[in-house]
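In: What would the 3D arrangement of this be:
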Amino acid sequence: MFGIGMQELIIIAIIALIIVGPKKLPDLAKSLGKGFNEFKKATEGITEDLKDALKDDEKPKNDDGWKDSLLMKKPAAEETKADSSDNIPPKQ
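Out: Numbering: from 1, shown residues only. Have a look, this model is predicted:
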């Protein structure tokens, strides 16, 4: 647990007891526990969202819609130029 041994935890508990006092220490521990629990839930939610996003990215994409979209089509003027240039015989 974070590389903290039992001796360090006892020292931290004694310092907290001295600073906060014996009456408020249980309330402090309770609020810290709730805070850590909320933090854990938030990080789990974020990791689930990231996993879902990665799964969506890994799915094969169907690009047939893009081929027919207006973004991928050439303007009509360019298509007529390309069609007319195809009919010209090559120079020798």
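In: quick one: Pro26 and Leu32, what's the gap?
Out: 11 Å (Cβ to Cβ, to the nearest Å). (Each C-beta comes from the backbone N, C-alpha and C, glycine too.)
In: Could you pull out the helices in the chain for me?
Out: Along the chain, the segments classed as helices by DSSP state H run 6-20, 25-58, 64-68, 76-86.
In: Pipe those into JSON lines and attach mean neighbour count per row.
Out: Formatted as JSON lines, the helices of the chain follow (neighbours: other Cβ atoms under 10 Å):
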{"stretch": "helix 6-20", "mean neighbour count": "11"}
{"stretch": "helix 25-58", "mean neighbour count": "10"}
{"stretch": "helix 64-68", "mean neighbour count": "9"}
{"stretch": "helix 76-86", "mean neighbour count": "9"}
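In: got these as CSV, with mean pLDDT columns?
Out: Putting the helices of the chain into CSV (pLDDT from 0 to 100) gives the following:
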stretch, mean pLDDT
helix 6-20, 88
helix 25-58, 88
helix 64-68, 61
helix 76-86, 56
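In: any idea how far Leu32 lies from Pro22?
Out: Going from Leu32 to Pro22 by Cβ to Cβ gives 16 Å.
In: let me redo that: Glu58
Out: According to Cβ to Cβ, Glu58 stands 55 Å off from Pro22.
In: Ok, Ala29 next?
Out: Taking Cβ to Cβ, one finds Ala29 at 12 Å from Pro22.
In: And for Ala16?
Out: Ala16 sits 10 Å away from Pro22 when distances are taken as Cβ to Cβ.
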